[in-house]
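Engineer: Sequence and predicted structure below; questions after.
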Amino acid sequence: AVVPTKPDKHTHRPAMEGNQQRGEVNILLMGAHNVGKTALTVRFLTRRFIGEYGDMESVYSRMERIHGQEICINIWDSQKGCWVSEKQLQWADGMILVYDICDRGSFEAVRQQLQLIRRSRKPASCPVVIVANKRDLQHRRRVSGEEGRLLALTQCCCFFEVSAAETYHGVLLVFHRMVDLVRETRALRKSSAGVRGIVRSMSAVFGKKRAE
Ligand SMILES: Nc1nc2c(ncn2[C@@H]2O[C@H](COP(=O)(O)OP(=O)(O)OP(=O)(O)O)[C@@H](O)[C@H]2O)c(=O)[nH]1
């Protein structure tokens, strides 16, 4: 097994405003066993597809220049199949849910994981990208592209169909889209906090006037 980068102990910090200031984005990869979570992570980090991966639950970091800005991307590749902890859910700024197009059970697992996420995180606080992996195995396909797209549409998620085995570019697009979504979410939160502040000050002024 190849360990692409050394896990950075600092990246275990929970997602906070601080991440935004530091230019960091925490991404949690979830999905059933064997769907290709590690293959996608390794492809993104090293541009390579190795084939077999050891048991390595870790947080990996990589610096990327996106739209002219240096971003530190921390990726937590969850290794226990469908099980993820509350700590992982709170740590993430964005989540990538992976299924295997040849494994219908892994697609159903994504539905369950979406419910789990929605119980723990508001949609406005944590964007989700659904990834259908192993598109090179068309002859063994059990989940159509339409089904994946429909699920993503109804759950307000982005959708990609990729092959970690075949191309680097498709995988790169997934991670870059995830980073874009996190940044959009942060910008939206910031502007709505600004509006809330204005409303609070106005009600303070007008409330005071009424009281006088
Ligand atoms: N054909 C094909 N095989 C793939 C692809 N991605 C991953 N695999 C294979 O699928 C198997 C599982 O890949 P992993 O990346 O270990 O899957 P995982 O989701 O991390 O698995 P767990 O950590 O055990 O939950 C390996 O044998 C990979 O070589 C792909 O795009 N196409």
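Structural biologist: Structure's in. What do you need?
Engineer: Can you pull up the residues of this structure that come close to the ligand?
Structural biologist: Proximity of the chain to the ligand is confined to 31, 33-39, 51-53, 79, 81, 133-134, 136-137, 163-165 under the rule CB under 6 Å from any ligand atom. The C-beta positions use only the backbone N, C-alpha and C, and glycine is treated the same way.
Engineer: Point out where this protein drops to low pLDDT.
Structural biologist: Where the chain drops to pLDDT under 70, the residues are 1-18, 20-22, 55-57, 80-82, 192-197, 206, 208-212.
Engineer: What's opposite the spatially most central residue of it in the beta bridge?
Structural biologist: When CA atoms, centre = their mean is applied to the chain, the residue found nearest the centroid is M95 (2.3 Å). Beta-bridge pairing of M95, defined through DSSP bridges, involves L28, V128.
Engineer: any idea how far it lies from C158?
Structural biologist: According to CB to CB, to the nearest Å, M95 and C158 sit 11 Å apart.
Engineer: Mind listing the shared neighbours of the two?
Structural biologist: Residues touching both M95 and C158 (CB atoms under 8 Å, 6 or more residues apart in numbering) are 127-129.
Engineer: nearest to the ligand, of those?
Structural biologist: For these, the minimum distance to the ligand (CB to the nearest ligand atom) is 15.5 Å, reached by V129.
Engineer: got the contact list for the closest one?
Structural biologist: The contact partners of V129, by CB under 8 Å, 6+ apart, come to 94-97, 157-160, 174, 177-178, 181.
Engineer: Which of the residues you listed fall within helices?
Structural biologist: Among these, DSSP state H puts 174, 177-178, 181 in helices.
Engineer: which one among the residues you listed gets closest to the ligand?
Structural biologist: Within the ones in helices among the contacts of V129, the smallest distance to the ligand is 12.1 Å, found for V174 (CB to the nearest ligand atom).
Engineer: Just give the closest residue to the closest one, not the sequence neighbours.
Structural biologist: In space, and not counting its chain neighbours, V174 is closest to F160: 5.0 Å by CB to CB, 6 or more residues apart in numbering.
Engineer: quick one: that neighbour from the ligand, how far?
Structural biologist: 12 Å (CB to the nearest ligand atom, to the nearest Å).
Engineer: Next, the contact list for that residue, please.
Structural biologist: Going by CB under 8 Å, 6+ apart, F160 touches 129-132, 170, 173-174, 177.
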